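A.B. asks: Requesting a structural model of the entry that follows:
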Amino acid sequence: MKKSLQIALILLMVTGLKTYAQESIIGEINYADLQKYIALAKENYPKRKAINETVTKTQNELPITALSYLDIFNASYFYRPESRSVLDPVNPYNVNGFQFGVNVNLGSFLQKPFTAKKAKSDYKIAQYQAKEYELALEVEVKKRYYTYIQQINQLKIYTTSMQDNKNTADNLRGKFEKGEISLDTYNQSRINLTNATTAKIQTEVNLLGAKDSLEEIIGVKLSDVK
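C.D. replies: Numbers count the residues shown, from 1 in each chain. Below is the predicted model:
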């Protein structure tokens with residue numbers, strides 16, 4: 001009789017594990033919510049904002065680079081009052097009045113096309129990096145969301161497991177008090193209940209961590225997402 005009860009207890013545990021193992025979270029995925037979370041992460045996540053600012057910065061440098069072509073020219077003038085005598089009558093270019101001149105920096109002139117190309121390349125690189133990070137951000141949001149859903153379902157499983165083990169332990173307690181089962185069988189039921197309770201508590205902690213992680217990347221509380 002005692003041996004049959006022990007076998008029944010083991011079969012109950014195995015059957016419970018098989019039942020829990022058959023659970024799936026695929027049907028629990030809400031893709032509409034997931035797209036909202038991705039959009040929020042792209043809008044609120046600080047690193048995404050920093051990368052967007054880099055793109056804007058490199059874009060704004062393009063017209064600045066174009067205008068910098070004027071830097072290669074250096075205009076100057078010299079004014080000598082008409083009432084003054086000419087400094088060098090032999091030099092026809094040394095006269096009274098205004099004298100204008102333009103200097104060209106040859107080094108800057110040769111360098112500007114390469115500077116313009118570099119500015120365009122920097123802008124393209126910033127765009128590619130932003131796109132790459134956007135894809136990585138989507139993957140990260142999905143991963144955190146899936147973990148969150150996983151923890152919700154694991155909590156359901158461990159809650160059911162704990163309740164089943166509690167019912168079994170309570171039932172075997174009555175049998176033990178009547179002398180129908182051994183102390184080892186009753187103790188095993190209590191150990192199973194302790195393990196199930198511990199697993200449930202740990203899963204609750206994991207769920208809270210997964211929720212915090214998801215909220216951190218989307219920038220708002222899940223309860224505030226409409």
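A.B. asks: Isn't residue 210 up against residue 153?
C.D. replies: No. Judged on Cβ atoms under 8 Å, residue 210 makes no contact with residue 153 at a distance of 11.4 Å. C-beta here means a position set from N, CA and C on the backbone, and glycine is covered the same way.
A.B. asks: neighbouring contacts of stretch 52-59?
C.D. replies: Outside stretch 52-59, the residues that touch it by Cβ atoms under 8 Å, 6 or more residues apart in numbering are 119, 122-123, 125-127, 129-130.
A.B. asks: again, only this time at 10 Å
C.D. replies: The set of residues external to stretch 52-59 that reach it, using Cβ atoms under 10 Å, 6 or more residues apart in numbering, is 42, 119-131, 133-134.
A.B. asks: Likewise for stretch 195-210?
C.D. replies: 13, 16, 144-166, 168-169.
A.B. asks: Give me the ChimeraX select line for those, limited to the buried ones.
C.D. replies: The ChimeraX selection below is limited to those of the contacts of stretch 195-210 classed as buried (16 or more other Cβ atoms under 10 Å):
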select :13,16,144,145,146,147,148,149,150,151,153,154,155,157,158,160,161,162,164,165,168,169
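A.B. asks: Among the contacts of stretch 195-210, name the ones in helices.
C.D. replies: 13, 16, 144-166, 168-169 (DSSP state H).
A.B. asks: Would you indicate which residues of stretch 202-210 are buried?
C.D. replies: Buried residues in stretch 202-210, counted by 16+ other Cβ under 10 Å: 203, 206-207, 210.
A.B. asks: Just the C-alphas of that stretch, formatted as PDB.
C.D. replies: The C-alpha trace of stretch 202-210 is given here as PDB (Å, rounded to 0.1, in the frame of the first residue of the first chain):
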ATOM      1  CA  GLN A 202      11.900  33.200  -8.100                       C
ATOM      2  CA  THR A 203       9.700  33.500 -11.100                       C
ATOM      3  CA  GLU A 204       7.900  36.500  -9.600                       C
ATOM      4  CA  VAL A 205      11.300  38.200  -9.100                       C
ATOM      5  CA  ASN A 206      12.200  37.300 -12.700                       C
ATOM      6  CA  LEU A 207       9.000  38.700 -14.000                       C
ATOM      7  CA  LEU A 208       9.500  42.000 -12.200                       C
ATOM      8  CA  GLY A 209      13.000  42.200 -13.700                       C
ATOM      9  CA  ALA A 210      11.700  41.500 -17.200                       C
END
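A.B. asks: all strands of the protein, in order?
C.D. replies: Per DSSP state E, the chain carries strands over the ranges 73-80, 97-104.
A.B. asks: So, low pLDDT: which residues of this structure?
C.D. replies: Counting by pLDDT under 70, the chain contains low-confidence ranges at 1-23, 66-113.
A.B. asks: what about the helices in it?
C.D. replies: Using DSSP H, helices in the chain cover 2-21, 31-44, 46-67, 106-177, 183-218.
A.B. asks: Show the contacting residues for the closest residue to residue 145 other than its chain neighbours.
C.D. replies: The spatial neighbour of residue 145 that comes closest, neighbours along the chain excluded (Cβ to Cβ, 6 or more residues apart in numbering), is residue 34 at 5.5 Å. Residues in contact with residue 34, defined by Cβ under 10 Å, 6+ apart, are 138, 141-142, 145-146, 149.
A.B. asks: could you measure residue 34 against residue 40, distance?
C.D. replies: Separation of residue 34 from residue 40 (Cβ to Cβ, to the nearest Å) stands at 11 Å.
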